[in-house]
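[1] prediction below, plus the sequence it came from.
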Amino acid sequence: MNFKKLIYQAVNSTYHDFKMLNGLKFYKNYKTFIKNNQIISNYSQILELLKVIDNLLSQETGFENNLEKLQDSFLSCLEIMVTLDKYSDLVTVNKNYLNNFVVRLYGKYHQQFLEFKTPQLTNWITTTFNEGTELNNLNEYLKTYKELSEIIKVSFLELSIEDNYEKKAFFWDLEKHLPILQLLINLTNMAINQGEK
């Protein structure tokens, strides 16, 4: 099953966004990497790209938010690939992703959920975190990913320009998950269509 092809499509879509940050063209490591890498097709390129992003983040480029978002996307794709290589099992990939999603967001923002007033998302995360919900097959993961994507999108309607920095950071963290959720939806759909459960 050619999961890697879909993953590299997502990686290169993100890489395209990276290459569109024209304001970075004056940074030597950015310019050199793009010149030497038309597409991303292996682990070492992703790791090298992450080093370039780390270097750019250590400087005051004015693109910190964009770079952090791209960095998260590349790291998530890499994590999915490594898990697939280790287990050859999409259910394990899905389980790891959801556990990490819940632990990271709940762990970072659990004291602010009521203040942020995102009842659907709060309920979903606290239920998953507190009850340790176990999903048993790919159809359940697919349904969960679609629900979570919609909840995140609906939650954005609660954000306004007057909100404090912490609430905006929360939504920024949430937004980073949408491309990865779409990738996992595509991978899970592919597996289901090819007869996996």
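    Happy to help now that I have it.
[2] check what contacts stretch 80-95 and list those residues.
    Stretch 80-95 has contacts (CB atoms under 8 Å, 6 or more residues apart in numbering) with 3-4, 7, 43, 96-97, 135, 137-138, 141, 180, 183-184, 187-188, 191, 196. Every residue, glycine included, has its C-beta placed from N, CA and C.
[3] export that stretch as PDB, just CAs?
    The C-alpha trace of stretch 80-95 is given here as PDB (Å, rounded to 0.1, in the frame of the first residue of the first chain):
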ATOM      1  CA  ILE A  80       3.800   9.500  10.600                       C
ATOM      2  CA  MET A  81       6.400   8.100   8.200                       C
ATOM      3  CA  VAL A  82       8.600   6.900  11.100                       C
ATOM      4  CA  THR A  83       5.700   5.200  12.800                       C
ATOM      5  CA  LEU A  84       4.600   3.500   9.500                       C
ATOM      6  CA  ASP A  85       8.200   2.300   9.000                       C
ATOM      7  CA  LYS A  86       8.300   0.900  12.500                       C
ATOM      8  CA  TYR A  87       4.900  -0.800  12.700                       C
ATOM      9  CA  SER A  88       3.600  -0.900   9.100                       C
ATOM     10  CA  ASP A  89       0.200  -0.300  10.700                       C
ATOM     11  CA  LEU A  90      -2.000   2.700  10.100                       C
ATOM     12  CA  VAL A  91      -4.100   1.900  13.200                       C
ATOM     13  CA  THR A  92      -1.000   2.500  15.300                       C
ATOM     14  CA  VAL A  93      -0.300   5.700  13.400                       C
ATOM     15  CA  ASN A  94      -3.800   6.900  14.100                       C
ATOM     16  CA  LYS A  95      -3.700   5.900  17.700                       C
END
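[4] any idea how far it is from the chain center?
    Stretch 80-95 has its average C-alpha position 15 Å from the chain's average C-alpha position, going by CA atoms, centre = their mean, to the nearest Å.
[5] next: stretch 136-153.
    With CA atoms, centre = their mean, you get 14 Å for stretch 136-153.
[6] any idea of the mean pLDDT in that stretch?
    Mean pLDDT, computed over stretch 136-153, is 88.
[7] separate out the buried members of the contacts of stretch 80-95.
    Those of the contacts of stretch 80-95 that meet the buried threshold are 3, 7, 97, 135, 138, 141, 180, 183-184, 187-188, 191, by 16 or more other CB atoms under 10 Å.
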